[in-house]
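# What follows is a predicted protein model with its sequence.
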Amino acid sequence: MQAVMNSLSHRLILYFKLVRLHKPIGILLLLWPTLVALWIASNGKPAWHLVLIFSLGTALMRSAGCAINDYADRNFDKHVKRTADRPLTSGQISGTEAILVALALALISFALILPLNVLTKQLSVAAVFVAGSYPYLKRFFAIPQAYLGIAFGFGIPMAFAAVQNTVPLSAWVLLIANVFWAVAYDTEYAMVDRDDDVKIGIKTSAITFAQYDVLAVMLCYAFSFLIILLVGWQYGLRTWFLAGMGSAVIFSFYHYTLIRDRDRMRCFAAFMNNNWLGAAIFAGVALDYALH
C-alpha cells in the first residue's frame, strides 16, 4: 500500500511540474488582462462569482496549455538547455499522459463556465482552439508570440461576454493591446533561448527581429500602453488609472536596462518582471473605479 501511495505521489509531482504550477508567472500574465476586462466590463463592480470563475479558469487553461505545448515540443525541448529536464521531454511521463492531463484540465475549466451565458461558452471553444494550436505555429510563423498574445488574451472578450452578453469593439481593441504586450514579454523570454532555437529550427520573434529585438520590444510596450490608455480614457478612467499606467511605463524602461545587453539571465528577469507591470495596470484600473 505504501509503495502504491509513493508511486501515486511521485506521479502527481510530475504532473504538477508538467503544467508548471511551480512557475505561476504564466497564470499571472493571463490573469491581469482578464481582470482588467472584468472590471471595465462591469464598471468596476464585477460579480465575485465571475472573478472566481475566471481566476480558476485562467489557471486551469494555462496549465492545460503547458501540457499541450510540451507534447507538441517534445522532440525539440530535449535540445534546449532550459527545457531538457521537463517530465515529458525527459521521458518520465508519456505523451498520452500529457494529452489526458490537458483534456482533463480543459474539461474542468469548461465545467466552470456552464452557469454562464451561451456567448461565453462559444468564445471558450475558440479559446481552446487558439491555445491548442499555438505550439504548432512555431514551425512556420515568424512571430508566434503574436498568436500567443491572442491565446493569452482571450479572457478579455470572454469577460465582456460574461458580464454584458456581448463583446464590444473596445474588448477586441484591448485584445490587440494584449497581443503587443505578449510580443514584448515573450520576445524577452525568447531572447533567453535564441541560440538553441536557431539550432533546432524553431521560429521566434527574437530570431525574426534579429538586431532590432530590443527596439521591437520597446515599441510593442509603447503600442500596448497607448491602446490601453485610449480605452481606459474612453471608459472614464482617470487619476489612479494614469498612475497605474505610469508605473507600467517605468517598469518597461527598467526592462530596457535589463535586455539592452542581451544577457540571457537579465532577459529572463525582464520577462518575469512583467507580472508587476500587469499588476500595476490592473491596480490602477481597480483603484480608479473604487476611489472615483
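Noted; the coordinates are in hand. Residues are numbered from 1 along each chain as shown.
# Which helix or strand lies directly C-terminal to the helix or strand encompassing Ala222?
Using DSSP states H and E, Ala222 sits in helix 213-234. Counting by DSSP H and E, the next helix or strand C-terminal to helix 213-234 is helix 239-259.
# just how off-centre is that following helix within its chain?
19 Å (Cα atoms, centre = their mean, to the nearest Å).
# picking that back up, which strands or helices does the helix holding Ala222 pack on?
helix 25-41, helix 169-192, helix 205-209, helix 239-259 (3 or more Cβ pairs under 8 Å, 6 or more residues apart in numbering; DSSP states H and E). Heads up, the C-betas are built off the backbone N, CA and C, glycines and all.
# Minimum distance to Val163: which of the ones you listed has it?
helix 25-41 (4.0 Å; Cβ to Cβ).
# Which positions in the closest one come out as buried?
Neighbour counts over helix 25-41 (16 or more other Cβ atoms under 10 Å) mark 26-41 as buried.
# Could you do stretch 15-22 as well?
Applying 16+ other Cβ under 10 Å to stretch 15-22 flags Tyr15, Lys17, Leu18, Val19, Arg20 as buried.
# What of stretch 217-225?
Applying 16+ other Cβ under 10 Å to stretch 217-225 flags Val217, Met218, Cys220, Tyr221, Phe223, Ser224, Phe225 as buried.
# Nearest to Ile143 among these?
Relative to Ile143, the closest of the buried residues of stretch 217-225 is Cys220; by Cβ to Cβ it sits at 10.3 Å.
# measure the closest one to Thr89 for me?
Separation of Cys220 from Thr89 (Cβ to Cβ, to the nearest Å) stands at 29 Å.
# Kindly report the same for Leu105.
Look at Leu105 and Thr89: by Cβ to Cβ, they are 19 Å apart.
# where's Val130, which helix or strand?
Going by DSSP H and E, Val130 is in helix 118-137.
# What's the first helix or strand after that helix?
helix 144-153.
# residues making contact with that next one?
Residues from elsewhere that reach helix 144-153 (Cβ atoms under 8 Å, 6 or more residues apart in numbering): 29-30, 33, 65, 127, 130-131, 133-134, 137-138, 141, 174-175, 178-183, 186-187, 190, 203-205.
# Over to stretch 117-130?
61, 106, 109-110, 113-114, 147, 150-151, 154-155, 157-158, 161-162, 165-167.
# Produce a ChimeraX select command limited to the buried residues of those residues.
With 16+ other Cβ under 10 Å as the criterion, this ChimeraX line picks the buried residues out of those:
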select :61,106,109,110,113,147,150,151,154,155,157,158,161,162,167
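# Can you list which of the contacts of stretch 117-130 are found in helices?
Of the contacts of stretch 117-130, the ones assigned to helices by DSSP state H are Met61, Ala106, Ser109, Phe110, Tyr147, Ile150, Ala151, Gly155, Pro157, Met158, Ala161, Ala162.
# if we take the residues you listed, which one ends up nearest to Phe271?
Taking Cβ to Cβ as the measure, Phe271 lies nearest Ala151 of the ones in helices among the contacts of stretch 117-130, at 16.7 Å.
# Look up the pLDDT of that closest one for me, please.
Per-residue pLDDT puts Ala151 at 91.
# Packing partners of the biggest helix by length in the chain?
Ranked by residue count, the top helix of the chain under DSSP H comes out as helix 264-291. With contacts taken as 3+ Cβ pairs under 8 Å, 6+ apart, helix 264-291 sits against helix 25-41, helix 169-192, helix 239-259.
# what packs against the first one?
Read it as helix 25-41. Secondary elements touching helix 25-41 (3+ Cβ pairs under 8 Å, 6+ apart): helix 48-72, helix 144-153, helix 155-164, helix 169-192, helix 213-234, helix 264-291.
# export those to TSV and tack on distance to Ser252?
Putting these into TSV (distance: least, Cβ to Cβ, whole Å) gives the following:
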stretch	distance to Ser252
helix 48-72	23
helix 144-153	16
helix 155-164	20
helix 169-192	8
helix 213-234	4
helix 264-291	7
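# nearest to Gly246, of these?
Of all those, helix 264-291 comes closest under Cβ to Cβ, at 8.3 Å.
# how much space between Ile25 and Asp186?
Per Cβ to Cβ, Ile25 is found 11 Å from Asp186.
# which neighbours do the two share?
In contact with both Ile25 and Asp186: Phe271, using Cβ under 8 Å, 6+ apart.
# Good, wrapping up.
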